[in-house]
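1. After the sequence you'll find the predicted model.
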Amino acid sequence: MPSLGRATESYNPFWRSGLAQIAFVGVLGVVACVSAISPRPGSGSVPVVRGQFKNGRDQIVRIALATNERGGAEFVPGLKGQFVVPHENDFVLWKGKRYRGEIEISATDSGFLVVNRLSMDDYLRGVVPLEIGNRTSTEMAAVQAQAVAARTYAYKHLTDARSFDMYATVQDQVYGGVDAETQLSNTAIATTSDVVVLYNGQPITTPYHSTCGGSTAGVSEVWYDQPDQPYLRLVSDRIPGTDNYYCDPSPRFSWTQTYDAAGLRAVMEKYLANYTNAPKANLGRIIDVREQGRTPSGRMAALTVQTESGSYTLRGNDIRFVLRDPKGAILNSTFFTLLAATSGGEVSSLSLSGRGYGHGIGMCQWGAIGRARAGQNYRTILETYYPGTTIGRIAG
């Protein structure tokens, strides 16, 4: 979840309870302070963030369901004039899906921006089950950890620099509205109410991923153009005293991917120019593919592709976006080794043997599941994957 660019709009028309209304949307900046209190009986003294944010029941978040901004959800063209969103059993309907809160539709130069405006708690109900998957009660600590990570990410990404806070896609957090909700995830959200991950008394950006493959990564190992953070660094997922890992039950803990000459040339011709100065056409034969170093966690630091038209180097996560499978899915991770065979002056086959799924930064979701199965609570899980942080609360 890298940082995102922001656009600005001053107001948005929105529709609630089937009646057209107009609202002026703004955010007032307030300096936050941090104190330590005991928020619940038996919970001990924890940091509490005051002043900057509201609690999850009262804090409003704005989620872009349809936008024309690059990387966002589907843009909705052609809407004209006043548009009323139908309701069903107190839920807003949009494109056949039910949402809590209200739908906010605002005109842009080229169409309409569709935003779901709702409370933080209700937003999380549509996020947590899609991000952590269908879990059991024995894995509750992992679901709670996911709830806290998702909540912290959302508070960190509240902004007044544009007319919505986050996308409803993997660009931020996958959000599915009411139909995504489950009882287990709702319980996890309620039992961690207003709990967030803090560093220096403030919520942090909390990236997470499916499977680390044995070790998480530092920021610059993968997102090479972004600065490292003290709470996002290499964490081993090895189970103490064993050769096993907490995340090894993941179906993508280990994997292989192979290309023949035609398949390799096809992905290079389609994607290489997007991440290097390679030409968009007439790339020529792929002469060699070779590793250019390893990161501290063991991931591929860079990959050089030698073609008839020149030599091009891919770094960090860019590797995943070029080495796609035939259906266009990005590579599982950069935690892999490669074996290239050549014939007739070109690479005739390329075999990748890897571990993990996702960028590898922050919380490993399958690792959290494994740790929950082993009896760890959600605080231990979060403080492991975000080292140097504390678990606190939003007091609004």
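-> That came through, no problem. Residues are numbered from 1 along each chain as shown.
2. For the nearest residue to Lys97 once chain neighbours are set aside, which residues are in contact?
-> Setting aside the residues directly before and after it, Lys97 is nearest to Gly177 in space (Cβ to Cβ, 6 or more residues apart in numbering), at 5.1 Å. In short, each C-beta sits where N, CA and C put it, glycine included. Counting by Cβ atoms under 8 Å, 6 or more residues apart in numbering, Gly177 touches 97-100, 116, 126.
3. Out of those, list just those in strands.
-> 97-99, 116 (DSSP state E).
4. just the residues you listed now: which is nearest Tyr385?
-> Asn116 (28.8 Å; Cβ to Cβ).
5. Now do that closest one against Tyr155, distance only.
-> Going from Asn116 to Tyr155 by Cβ to Cβ, to the nearest Å gives 17 Å.
6. ok, now Asp58?
-> With Cβ to Cβ as the criterion, Asp58 and Tyr155 are 13 Å apart.
7. what's the spacing between Thr205 and Ala262?
-> For Thr205, the distance to Ala262 - Cβ to Cβ - is 41 Å.
8. In terms of neighbours, single out the busier of these two.
-> Neighbour tally, Thr205 and Ala262, criterion other Cβ atoms under 10 Å: the higher count belongs to Thr205, 20 against 8.
9. Compare Asp58 and Tyr155 (neighbour count), which wins?
-> With neighbours defined as other Cβ under 10 Å, Asp58 and Tyr155 compare such that Tyr155 has more, 25 against 11.
10. where's that one, which helix or strand?
-> helix 140-156 (DSSP states H and E).
11. Keeping just the C-alphas, turn that helix into CSV.
-> These are the backbone C-alpha positions of helix 140-156, laid out as CSV (Å, rounded to 0.1, in the frame of the first residue of the first chain):
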residue,chain,number,x,y,z
MET,A,140,-9.9,-14.9,16.3
ALA,A,141,-6.6,-13.2,17.4
ALA,A,142,-5.6,-13.0,13.7
VAL,A,143,-9.0,-11.4,12.8
GLN,A,144,-8.6,-8.9,15.7
ALA,A,145,-5.1,-8.1,14.5
GLN,A,146,-6.4,-7.5,11.0
ALA,A,147,-9.2,-5.3,12.4
VAL,A,148,-6.6,-3.1,14.2
ALA,A,149,-4.2,-3.0,11.2
ALA,A,150,-7.1,-2.0,8.9
ARG,A,151,-8.4,0.6,11.4
THR,A,152,-4.9,2.1,11.9
TYR,A,153,-4.4,2.3,8.1
ALA,A,154,-7.7,4.1,7.7
TYR,A,155,-7.1,6.7,10.4
LYS,A,156,-3.7,7.4,8.9
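12. after it, next one along is what?
-> strand 166-167.
13. Okay, Ser351 and Leu339: tell me how far apart.
-> 5 Å.
14. ok, those two, which is more surrounded?
-> Ser351 (14 against 11).
15. got the contact list for the more buried one?
-> Going by Cβ under 8 Å, 6+ apart, the list of residues near Ser351 reads 256-258, 338-340.
16. Would you reformat those residues as TSV and include distance to Tyr386, pLDDT and secondary structure?
-> Output for those, formatted as TSV (distance: Cβ to Cβ, whole Å; pLDDT from 0 to 100; DSSP: H, G, I helix; E, B strand; the rest coil):
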residue	distance to Tyr386	pLDDT	secondary structure
Thr256	31	98	strand
Gln257	30	98	strand
Thr258	36	97	strand
Leu338	31	97	strand
Leu339	35	97	strand
Ala340	37	97	strand
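17. hang on, the earlier thing: now the two most distant members of the ones in strands among the contacts of Gly177.
-> Arg98 and Asn116 (10.6 Å).
18. higher neighbour count, the two?
-> Each of Arg98 and Asn116 has its neighbours counted (other Cβ under 10 Å); Asn116 has more, 26 against 19.
19. Now stretch 128-147: buried residues?
-> 128-133, 135, 139-147 (16 or more other Cβ atoms under 10 Å).
20. In those, find the pair that's most separated.
-> Largest pairwise distance in the buried residues of stretch 128-147, by Cβ to Cβ, is 18.7 Å, between Leu130 and Ala141.
21. Secondary structure element holding Val196?
-> Val196 belongs to strand 195-199, assigned by DSSP H and E.
22. what does that strand rub up against?
-> Counting by Cβ under 8 Å, 6+ apart, 34, 47, 49, 148-149, 151-152, 155, 203-204, 206, 230-231, 382, 386, 388-394 sit against strand 195-199.
23. same check, this time on stretch 292-311
-> 214-218, 221-222, 234, 268, 272, 276, 278-279, 282-291, 312-316, 319, 333-336, 338, 360.
24. mind listing which of those are in strands?
-> Those of these lying in strands (DSSP E): 286-291, 312-315, 336, 338.
25. By neighbour count, which of the residues you listed wins?
-> In terms of neighbours by other Cβ under 10 Å, these top out with Phe336 at 26 neighbours.
26. Who are the contact partners of the residue lying closest to it once chain neighbours are set aside?
-> Distances taken as Cβ to Cβ, 6+ apart put Gly354 closest to Phe336, at 3.0 Å, once the chain neighbours are dropped. The contact partners of Gly354, by Cβ under 8 Å, 6+ apart, come to 213, 254-257, 331-333, 335-337.
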